[in-house]
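Q: Based on what follows, work out the 3D shape:
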Amino acid sequence: MDFTQIAWFPLCAGLTAVGLVLSFLAFRRRGAASGIRVAAWALLPLAAYLTKALQTLWNIGAAVVTFVTSLVFNPTVWAGVAVAGLSAVLFVVSGVMRGRKLSMGRKKTGGDTPAQQPVQPGANKPAATAGKPKPAVTAQKAGGDDDFSDIEELLKRRGIS
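A: Presented below is the predicted three-dimensional model:
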């Protein structure tokens, strides 16, 4: 069937009229928002005809139908789909194999790089000198009500002052 063989104006006007009747019914039963939404949909066929977009939509639909029917009924196209599927499977398999090869290479080279090694607890602490005894933390300094006295004491103990 060709685009010019169909009487498009009566068809689009009829669809719009039926849609507007349904819009009125939706407005009464479900409210204004529902009725306005149905009216918006109902005006689209007439708008497509008046803007001459209907022929473009027809051509797009015909192209999609032609593509799908040639895909379904053509064995050459199915062979192409099978080759594309095989290609996808080979990509996945090669990626898995490459990942295993890279992980095996890391094990053989003697371990992780320093950035990948786990951090040891206390690795960033400065070495304590053997001659200095650690002072005990006191609740308050003698003669001071300073709130920061505990913090100052901790900082001095750590060598940060």
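Q: so where does the most centrally placed residue in the chain fall, helix or strand?
A: The C-alpha lying nearest the average C-alpha coordinate of the chain belongs to residue 92 (CA atoms, centre = their mean; 21.1 Å). If you go by DSSP states H and E, residue 92 is part of helix 75-108.
Q: buried stuff in that helix?
A: Along helix 75-108, not one residue counts as buried under the neighbour rule (16 or more other CB atoms under 10 Å). No exception for glycine: its C-beta is placed from N, CA and C like everyone else's.
Q: same deal with stretch 55-74?
A: For stretch 55-74, by 16+ other CB under 10 Å, it's residue 58.
Q: Show me the contact partners of it.
A: 3, 48, 77-78, 81 (CB atoms under 8 Å, 6 or more residues apart in numbering).
Q: can I get those in a markdown table with distance to residue 39 and pLDDT?
A: Output for these, formatted as a markdown table (distance: CB to CB, whole Å; pLDDT from 0 to 100):
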| residue | distance to residue 39 | pLDDT |
| --- | --- | --- |
| 3 | 27 | 80 |
| 48 | 16 | 93 |
| 77 | 43 | 86 |
| 78 | 45 | 87 |
| 81 | 43 | 91 |
